[in-house]
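>>> Model the structure of this input:
(chains A and B)
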Amino acid sequence: MNINVRGQSIDQQATRLAVVDCDIHPQMRAASDLFPFLSERWRTHMQTYSSFVRQALAETLAYPRMTPDVARRDAWPPGGAPPGSDLQFMREQHLDPNGVEVGVLVPLRTGAGSQRNLDYGAALAHAMNDWQVAEWLDKEPRLRGSILCTPEDPVAAVREIEQRAKDRRFVQVLLPPRTDEPLGRRRYWPIYEAAVRNNLPIGMHVGGVSGHPATGGSGAPSYYLEEHHSLVPAMQAVVTSMVLEGVFEAFPSLKVALVEGSFAWSPALSWRLDKAWKHMKDEVPHLKRKPSEYVREHFWYTTQPIEEPDDPQDLFKVMDWIGWDHLMFSTDYPHWDFDDPRYVFKAKLDEKRRSMIFRDNAKALYGLV
Amino acid sequence: MSRHVVASVGEVAPGNSKIVTVKGREIGVFNIKGEYFALANKCPHAGASLCQGRLGGLALSDGPGDYRLVRQGELLKCPWHGWEFDVRTGQSWCDPENTYVRQYAVSVEGGEELLKGPYVIDTFKVAVEENYIIVEM
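Below is the predicted model:
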């Protein structure tokens, strides 16, 4: 049974942390928070029909979560609004005590990019972008936004990107890794073209609705632990598709941040792809370099939920392989698997690497000043 | 080491807990079936306010298809990542060898004894006829 626990006190201890948090989830208090940003036509649609995505029970998640609203049990604001919906409480519980200099918003609710009704999806994406500006970016200068769009309707997506890119508080174009087809397919290229044209990276946060069992075709998972882990192979499939389809030959300046997809798998995937590519490169002659080189150059990774090997030095070894300049700290606030900047690394980082992971890499990727 | 009166027994009913501050540190006082335990309110895994977590039991199994829930109400589950701790020992259930939460000795004393001292009674009035929870720290 999921039971809420309200926070009793907030640790306000002063810290000298200064971090860029690449994954903060803002939430509406209720779906009606979007009404001011939807036309009458789509307000009526929301109230009459609401969501339909590629799965049964459209408003549910792929598997029940460990905690209500996927949230930390202490993240419910006083008064009972949903976690992540109260800016002042977010300041008190997260931005201030955790030394967040800049926080990148990743709005997930309403599943704008996964809607079967493409026009409704586009209206939702547009409304949630307006909502980010009005309710978060205008009120809190530490926050930055993500441009929501509809990957299955690239024309509408490009229109939305072009409109938002003028506001540099939007720092990335957000896509779900689970789409109708693998994200390397050419139907999605107009989105990459628009991102590159506007000098914006793609942010890819785990989730989206595939319409298939999360296990990758072998049937539905039995446990949350099993479904939770399936986020990783979904990310691997995206990386593989984008590399092998030649996306980075077509768009050599495209940058992709994989958010919450973990990272320790990346070197192993690269080794595997490189080995197979040596045997089969005549099948993909459009690739001019080893797959691992595209991975190394074009993908960034946020750290949460960080891997915790028995020997913390093992993690640093993996980070050596990936490249310390492509890893960026994130908390996932207010979700239950939140990483705290004080505790996230179990062994000491030298000052230079610390600064790269906690601030500099994100500032460089997102063009933060 | 000093002894601190942190609550009257009536304030912490069986199955419940109270978070108190002793010498500037937050401590969770738990009543498990009439026995009292005190744990530091800080998860050793990632620093969350552990004692705001939910009390539950321990799910055990001798193999697939065999499940039983034992020690209901004696395992504390962290409000962030869900690490479980044995309230009786402070030991982590996921990593019992290396991880435990700091425990403090707890006892119950009558108000009459307390008034003789030496106890730190700084938060409320102690009545002779009541019993009180004492934490050593």
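>>> Relative to A:Thr67, how far out is B:Tyr67?
21 Å (CB to CB, to the nearest Å). Where C-beta positions appear, they are placed from N, C-alpha and C, glycine not excepted.
>>> Give me the nearest residue to the closest residue to chain B within chain A, chain neighbours excluded.
Relative to chain B, the nearest point of chain A is A:Arg73 (3.5 Å; CB to the nearest CB). Leaving aside its sequence neighbours, A:Arg73 sits nearest to B:Pro79 (CB to CB, 6 or more residues apart in numbering or on different chains; 3.5 Å).
>>> Now for the one you found: which residues touch it?
Counting by CB atoms under 8 Å, 6 or more residues apart in numbering or on different chains, B:Pro79 makes contact with A:5, A:72-74, B:48-50, B:52-54.
>>> Top of these by number of neighbours, please.
Highest neighbour count within the contacts of B:Pro79: A:Arg72, with 28 neighbours (other CB atoms under 10 Å in any protein chain shown).
>>> Tell me who's in contact with it.
A:83, A:333-336, A:338, B:48, B:79-80.
>>> Out of those residues, flag the one nearest to A:Arg91.
A:Tyr333 (11.4 Å; CB to CB).
>>> distance of the residue lying closest to that closest one once chain neighbours are set aside from A:His335?
Nearest residue to A:Tyr333, sequence neighbours excluded (CB to CB, 6+ apart): A:His94, at 4.8 Å. To A:His335, A:His94 is 12 Å away according to CB to CB.
>>> Also B:Val12?
Distance of B:Val12 to A:His335, computed by CB to CB: 31 Å.
>>> So the two - more neighbours on which side?
Between B:Val12 and A:His335, counting by other CB under 10 Å, A:His335 is the more crowded of the two (24 against 19).
>>> Name the residues linked to that one by a beta bridge.
According to DSSP bridges, the residues that bridge with A:His335 are A:Ala71.
>>> now the strands: where do they sit in chain B?
B:3-8, B:17-22, B:25-32, B:35-40, B:54-63, B:66-77, B:84-86, B:103-104, B:106-110, B:131-136 (DSSP state E).
>>> so can I have TSV of those showing distance to A:Leu38?
Output for these, formatted as TSV (distance: least, CB to CB, whole Å):
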stretch	distance to A:Leu38
strand B:3-8	51
strand B:17-22	43
strand B:25-32	44
strand B:35-40	48
strand B:54-63	38
strand B:66-77	39
strand B:84-86	44
strand B:103-104	54
strand B:106-110	56
strand B:131-136	55
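>>> Only the buried residues of the helix or strand harbouring A:Lys278, if you could.
Using DSSP states H and E, A:Lys278 maps to helix A:265-280. For helix A:265-280, the buried set under the neighbour-count rule, 16 or more other CB atoms under 10 Å in any protein chain shown, comprises A:265-267, A:269-270, A:273, A:277.
>>> what's the closest of the residues you listed to B:Leu60?
A:Trp265 (31.7 Å).
>>> What residues does the closest one make contact with?
A:Trp265 sits next to A:232, A:235-236 when contact means CB under 8 Å, 6+ apart.
>>> which regions of the chain sit below the pLDDT cut-off?
Just so you know, I chose chain A. Low-confidence segments of chain A (pLDDT under 70): A:1-16, A:214-217.
>>> should've been chain B
Looking along chain B with the criterion set at pLDDT under 70, you get B:117-126.
>>> Flag every residue of it that's near chain A.
B:19, B:26, B:45-49, B:52-54, B:79-82 (CB under 8 Å from any CB of the partner chain).
>>> Where does chain B get nearest to chain A, which residue?
B:Pro79 (3.5 Å).
>>> how far away is that residue from B:Cys43?
Note on B:Pro79: its distance to B:Cys43, by CB to CB, is 8 Å.
>>> Let me see the ranges of the strands in chain A.
Using DSSP E, strands in chain A cover A:19-24, A:100-105, A:143-148, A:170-175, A:202-205, A:256-259, A:299-302, A:327-328.
>>> Please produce JSON lines containing these, extended by mean neighbour count and distance to chain B.
Shown next, in JSON lines, are the strands of chain A (neighbours: other CB atoms under 10 Å in any protein chain shown; distance: least, CB to the nearest CB, whole Å):
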{"stretch": "strand A:19-24", "mean neighbour count": "26", "distance to chain B": "15"}
{"stretch": "strand A:100-105", "mean neighbour count": "22", "distance to chain B": "16"}
{"stretch": "strand A:143-148", "mean neighbour count": "26", "distance to chain B": "22"}
{"stretch": "strand A:170-175", "mean neighbour count": "26", "distance to chain B": "25"}
{"stretch": "strand A:202-205", "mean neighbour count": "26", "distance to chain B": "19"}
{"stretch": "strand A:256-259", "mean neighbour count": "26", "distance to chain B": "19"}
{"stretch": "strand A:299-302", "mean neighbour count": "26", "distance to chain B": "17"}
{"stretch": "strand A:327-328", "mean neighbour count": "25", "distance to chain B": "19"}
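>>> Dump the ones you listed into JSON lines; add distance to A:Gly367 as well.
Converted to JSON lines, those look like this (distance: least, CB to CB, whole Å):
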{"stretch": "strand A:19-24", "distance to A:Gly367": "12"}
{"stretch": "strand A:100-105", "distance to A:Gly367": "11"}
{"stretch": "strand A:143-148", "distance to A:Gly367": "10"}
{"stretch": "strand A:170-175", "distance to A:Gly367": "7"}
{"stretch": "strand A:202-205", "distance to A:Gly367": "13"}
{"stretch": "strand A:256-259", "distance to A:Gly367": "13"}
{"stretch": "strand A:299-302", "distance to A:Gly367": "13"}
{"stretch": "strand A:327-328", "distance to A:Gly367": "13"}
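>>> so A:Val247 makes contact with A:Trp189?
Yes - the criterion here is CB atoms under 8 Å, and A:Val247 meets it with A:Trp189 at 7.1 Å.
>>> okay, these two: which has more neighbours?
Neighbour tally, A:Val247 and A:Trp189, criterion other CB under 10 Å: the higher count belongs to A:Val247, 23 against 18.
>>> mind listing what the more buried one touches?
The contact partners of A:Val247, taken as CB under 8 Å, 6+ apart, are A:184, A:189, A:192, A:254.
>>> List phi and psi for the nearest residue to B:Ser49 once chain neighbours are set aside.
Of all residues beyond its chain neighbours, the one nearest B:Ser49 is B:Asn41 (5.4 Å), with distances taken as CB to CB, 6+ apart. Backbone torsions of B:Asn41, given as degrees, to the nearest 10, read phi -90, psi 50.
>>> same check, this time on A:Ala30
Main-chain dihedrals, A:Ala30, degrees, to the nearest 10: phi -160, psi 160.
>>> excluding its backbone neighbours, what's nearest the residue nearest the centre of chain A?
Computing the C-alpha centroid of chain A and ranking residues by CA atoms, centre = their mean puts A:His205 first, at 2.3 Å. The spatial neighbour of A:His205 that comes closest, neighbours along the chain excluded (CB to CB, 6+ apart), is A:Val259 at 4.2 Å.
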